[in-house]
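1. Output the structure for:
(chains A and B)
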Protein chains: 2
Amino acid sequence: MAGTTDKLDPNQPLSAADIDHWHAETDVLVIGYGGAGACAALQAHASGAAVTLLELASGSGGTTALAGGQIYLGGGTPIQQACGFEDSVEAMEAYVRTAAGHHTDDSRVQAYCRDSLEHYDWLVSQGVVFNPQFYGGKHTNTPEYQSLAYSGNEKGHAEQQLSQPAPRAHKPKAHWEEGGATLMATLTAAIAATDIDVHFDTRALTLICEGDTVVGLMVRQDGEQRAWRARQGVVLCCGGFIMNRDMVARYAPRLVDGTPIGSPGDNGSGILMGMGAGAAAINMHEGFVSVIWYPSGEFCKGVFVNEQGNRFINEDCYHSRGAHHCLNQSNRKVYMVVDSDIYTEPPMYSAAQVVEVAETFADLERDAGFAEGSLSATMDTYNRYAEQGQDPLFHKSEEWLRPLNKPPYALLDFSIDSGIYYPSFTFGGLETSIDGEVQTPTGQTIKGLYAAGRTTAGLPRTAEGYASGMSIGDATYFGRRAGRAAAAR
Amino acid sequence: MAGTTDKLDPNQPLSAADIDHWHAETDVLVIGYGGAGACAALQAHASGAAVTLLELASGSGGTTALAGGQIYLGGGTPIQQACGFEDSVEAMEAYVRTAAGHHTDDSRVQAYCRDSLEHYDWLVSQGVVFNPQFYGGKHTNTPEYQSLAYSGNEKGHAEQQLSQPAPRAHKPKAHWEEGGATLMATLTAAIAATDIDVHFDTRALTLICEGDTVVGLMVRQDGEQRAWRARQGVVLCCGGFIMNRDMVARYAPRLVDGTPIGSPGDNGSGILMGMGAGAAAINMHEGFVSVIWYPSGEFCKGVFVNEQGNRFINEDCYHSRGAHHCLNQSNRKVYMVVDSDIYTEPPMYSAAQVVEVAETFADLERDAGFAEGSLSATMDTYNRYAEQGQDPLFHKSEEWLRPLNKPPYALLDFSIDSGIYYPSFTFGGLETSIDGEVQTPTGQTIKGLYAAGRTTAGLPRTAEGYASGMSIGDATYFGRRAGRAAAAR
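-> The predicted structure follows:
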């Protein structure tokens, strides 16, 4: 096939018997140079394998380099300790297990949490620098060079019943949202110091199988189709499918209306290749969704209402949990009530518009078209309890709980059809063992095929339970395991 | 392989080259003798093919025979006309399209609605008898021999903006819930009048492929493995996967806590066999869920509240839409407020328990542990508007709207963890063309493989939009198309 321009279907593997010429051969062939692929390559190499890393783009980074760079780590890391926080593996594990809800994969949660300190050490050994400063504000990332923050719902009322909260988002030392780029620059330097063979501008086309074993990959490179042979395993670290709008419509219709975030490589090709080799793809309907009402943290003191004028969430929760519930409200209509004390400027990311202003809640209710006695009753109840430091309906923490009693009052539109920013990316993907071994729908292992990162259904399973750092944490940790397992085969 | 006791994996097709002996051969091999399989077999036979029908159980019927038997038909059927209802293909199409929401498959909706009168005629031609009597009460099925009823949200406020409502559930003439058994008895008699070759007690094990074409099926029959060859096509009509609890946990975790309804054949084997041959399985996370608060219809006059004491749905909606929203409330806690006028006996199916009784809403609120001013404000607003014949929050129809003002008031527990009946079955399955041709994740047709019924992702796509009759309507209509297409290959 080499050299032809035949159009290949990523979902239809080639047979090794049809390969006239193998362009090159290696032990472990890693596809995709984001966080998962970099860690898979490094760990496979450290295990003694000859490693080749192929990447679609013209440089390293993938979607990880576009992210804020937080890594969900805990159990008492040196950074947690230096910042004065106690954490335990048990507390982390209880939180992470709960976060996945009905979708939890217990063995994955256990491995991830019990190895968290080891993974921290490994990242540091690769050159990743963490800065022992804690940021305690309400933001989507640490706004300066701090490396530690709360990034999920650890301090939520229900979560606190289950486990002692601790901040677990560890951002490599970098300014604000540069954490992901910094992480990938560090891992890229670590790879450059090895003899891992890296090829950019190389598009994975489809897998090559020998019987039921994956033995290689057909790629397009320098305008040619070339067959790469992998003696031990192919590791798919090709990202998710948020940029493949047909797949989103088919598998994750809830995400259709969001703004896709990721890199162009999140085209679903890894998942399609895996399914073509017989893999199960699970949790395909779930994804990250977000509506970002903070910063400023002042907006956590506001009150979210639906079109019935009822509250539906504690407004200090993590933004993807908030978005999950926003999308469950009738007609996907949601608004926030603020008073003049807390409103200063539009929320940084969403820039939600003020749609009504009034001197009383009754006026706001009438002018904005809510039913009489709906929004005003909600606000009366909210304020009466807030004055006592209580939120019996949704248990917003005292930190963000205060009566809204400084008119004028404003109503901001956070509905998805209002044009504000609703980022989304996918959580679904190939089912694997905790060692990245790709599995069929009946639980059989596909020999020679491994995967990690958002090509798989990994640690993050629901928007409702997500915390920043779970994706890169998952990609780097399970990337390492996949690389090690492929090298050991 | 014939005669061996090797354990076969439904997800791993056999190669025709490995078949020593073909037990038998036919043109079209239909797997599963429920509504989809019966219609596929009849239509393939009518198209001139030699047809064999294999069934796991010891008799015909499948899950269809266990169902109430309503078939979603419209566009002005003779029964609609005889009962004095106007309907049009356009109105039906607008309603059915909306019902699938983001998950809609437009070509499927169009074909189904535009052929609805023809499908009615075909069913009648097979011997199905419809009784031109309309039942207008609020029930899950017609309670006696009536054949026509509203079965979804056709009269909902939003739906009425889009299309003229009409009753479209057509139950074959039979007492109460005997409609499905009656339908299958009729189709079984129609099949018995042909030379379609039927085998019971025959378990489908796995598909047999020749290259990328499906050419047969390995079954277990009379204690032996036997290979059946299909010259034109295999039609998978094997039901859904609600009885395969591992698949439910993996693919549809939202359904885990429900009570599975179906037949033992809904074990996912058709979907697993299809995926093993390269098929896409889509909409796997969705399914029917229900909490059945009516009959009696009096309970539609009650008020559903969540644990915050807020309403979240119009209480006269279809029960699966209600359950969908019940499961979205925090901690899945939901209650219904009734007064002494409407409460007579527990709701027939759910038998929800009364957890509190009080003389005033304020007392009910306090005694049941709601926050002060929450439930009572909800009821005050509800009653004030109901007295004017209005429900500005959820637009419950006037038919079921009245103030609750006859104490004592009672609170019934409809939470899923209260032990009441939450039936569920799956909507996800193989992706097919409207002619039942099974497709890969990249939209390629798998030669020789067809599917219909709940082995496929068919017409019903969400609990929120479901109406009784959509499953059997889909299974019988698209079963016919799949049988016809296989016979024409």
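
2. Name the single longest helix found in chain A.
-> Looking across chain A with DSSP state H, the single longest helix is helix A:470-488.

3. for that one, which positions count as buried?
-> Buried residues in helix A:470-488, counted by 16 or more other C-beta atoms under 10 Å in any protein chain shown: A:470-487. Where you see a C-beta, it was placed from the backbone N, CA and C, and this is true even at glycine.

4. and what of stretch A:124-135?
-> A:126, A:128, A:130, A:131, A:132, A:133, A:134, A:135.

5. about what we covered before: averaged pLDDT, the longest helix of chain A. What do you get?
-> The predicted model gives helix A:470-488 an average pLDDT of 98.

6. swap in stretch A:156-168?
-> 94.

7. Span of it from start to end?
-> Start and end residues of stretch A:156-168 are separated by 14 Å (C-alpha to C-alpha, to the nearest Å).

8. Likewise for stretch A:398-405?
-> 17 Å.

9. That one: how far from the chain's middle?
-> Relative to the centre of its chain, stretch A:398-405 is centred 30 Å away, using C-alpha atoms, centre = their mean, to the nearest Å.

10. What are the buried residues along it?
-> A:400, A:401, A:402, A:403, A:404.

11. Go through the residues you listed and flag which are in helices.
-> Using DSSP H, none of those sit in helices.

12. near chain B too, which of the residues you listed?
-> Here nothing survives when these are matched to chain B using C-beta under 8 Å from any C-beta of the partner chain.

13. Redo the residues you listed as a markdown table? Include pLDDT.
-> Output for those, formatted as a markdown table (pLDDT from 0 to 100):
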| residue | pLDDT |
| --- | --- |
| A:400 | 96 |
| A:401 | 97 |
| A:402 | 96 |
| A:403 | 98 |
| A:404 | 98 |
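
14. At which residues are the strands of the stretch 51-200 of chain A located?
-> Using DSSP state E, counting those that start in this stretch, the strands of the stretch 51-200 of chain A run over A:51-54, A:71-72, A:134-135, A:148-149, A:169-170, A:197-199.

15. Figure out which of those strands is closest to residue A:450.
-> Residue A:450 sits nearest to strand A:51-54 of all these, at 12.4 Å, using C-beta to C-beta.

16. picking that back up, could the strands of the stretch 51-200 of chain A go into TSV alongside distance to residue B:321?
-> Putting the strands of the stretch 51-200 of chain A into TSV (distance: least, C-beta to C-beta, whole Å) gives the following:
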stretch	distance to residue B:321
strand A:51-54	48
strand A:71-72	37
strand A:134-135	43
strand A:148-149	40
strand A:169-170	38
strand A:197-199	53
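
17. okay, now the spatially closest residue to residue A:94 that is not a sequence neighbour: neighbour count?
-> Sequence neighbours aside, residue A:163 is the residue nearest to residue A:94 in space, at 3.8 Å (criterion: C-beta to C-beta, 6 or more residues apart in numbering or on different chains). Other residues within reach of residue A:163, judged by other C-beta atoms under 10 Å in any protein chain shown, total 19.

18. residue ranges with poor pLDDT in chain A?
-> Applying pLDDT under 70 to chain A flags residues A:1-6.

19. how does it divide into domains?
-> Structural domains assigned to chain A are A:1-290+A:424-489, A:297-418, following automatic domain parsing.

20. Output those as a markdown table; include the columns distance to residue B:97.
-> Shown next, in a markdown table, are the domains of chain A (distance: least, C-beta to C-beta, whole Å):
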| stretch | distance to residue B:97 |
| --- | --- |
| domain A:1-290+A:424-489 | 14 |
| domain A:297-418 | 17 |
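
21. from those, which stretch is densest packed?
-> Neighbour counts (mean count of other C-beta atoms under 10 Å in any protein chain shown) averaged over each of the domains of chain A peak at domain A:1-290+A:424-489, with a mean of 22.

22. mind exporting stretch A:325-334 as CSV, just the C-alpha atoms?
-> Taking C-alpha atoms only, stretch A:325-334 is exported to CSV below (Å, rounded to 0.1, in the frame of the first residue of the first chain):
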residue,chain,number,x,y,z
HIS,A,325,-27.7,21.5,35.9
CYS,A,326,-28.2,24.5,33.7
LEU,A,327,-28.7,22.2,30.8
ASN,A,328,-31.2,20.2,32.7
GLN,A,329,-33.5,23.1,33.3
SER,A,330,-36.6,23.5,31.1
ASN,A,331,-35.8,25.1,27.8
ARG,A,332,-32.2,25.3,29.0
LYS,A,333,-33.1,28.8,30.4
VAL,A,334,-31.1,30.0,33.4
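
23. Verify the contact between residue A:423 and residue A:258 for me.
-> Yes. Residue A:423 lies in contact with residue A:258 (C-beta atoms under 8 Å); the separation is 6.3 Å.

24. Assign the residue lying closest to residue A:260 once chain neighbours are set aside to helix, strand or coil.
-> Among residues not flanking residue A:260 along the chain, residue A:242 sits closest, at 4.3 Å (C-beta to C-beta, 6+ apart). Following DSSP: H, G, I helix; E, B strand; the rest coil, we place residue A:242 in the coil state.

25. got the residues of the stretch 51-200 of chain A near chain B?
-> Counting by C-beta under 8 Å from any C-beta, the stretch 51-200 of chain A sits next to chain B at A:101, A:102, A:103.

26. please redo it, this time with the cut-off set to 6 Å
-> Listed as neighbours of chain B in the stretch 51-200 of chain A under the rule C-beta under 6 Å from any C-beta of the partner chain: A:102, A:103.

27. Quick one: the helices in the stretch 51-200 of chain A, in order.
-> Here the stretch 51-200 of chain A has its helices, by DSSP state H, counting those that start in this stretch, at A:78-82, A:89-100, A:106-114, A:116-125, A:157-162, A:179-192.

28. Include distance to residue A:336 when you put the ones you listed into a markdown table, please.
-> Conversion of these to a markdown table gives the following (distance: least, C-beta to C-beta, whole Å):
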| stretch | distance to residue A:336 |
| --- | --- |
| helix A:78-82 | 33 |
| helix A:89-100 | 25 |
| helix A:106-114 | 33 |
| helix A:116-125 | 35 |
| helix A:157-162 | 20 |
| helix A:179-192 | 28 |
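
29. coming back round to it: would you mind saying which of the domains of chain A lies nearest residue B:334?
-> Proximity to residue B:334 (C-beta to C-beta) singles out domain A:297-418 among the domains of chain A, at 13.9 Å.

30. Between the two ends of the closest one, how far is it?
-> Domain A:297-418 has an end-to-end distance of 22 Å (C-alpha to C-alpha).
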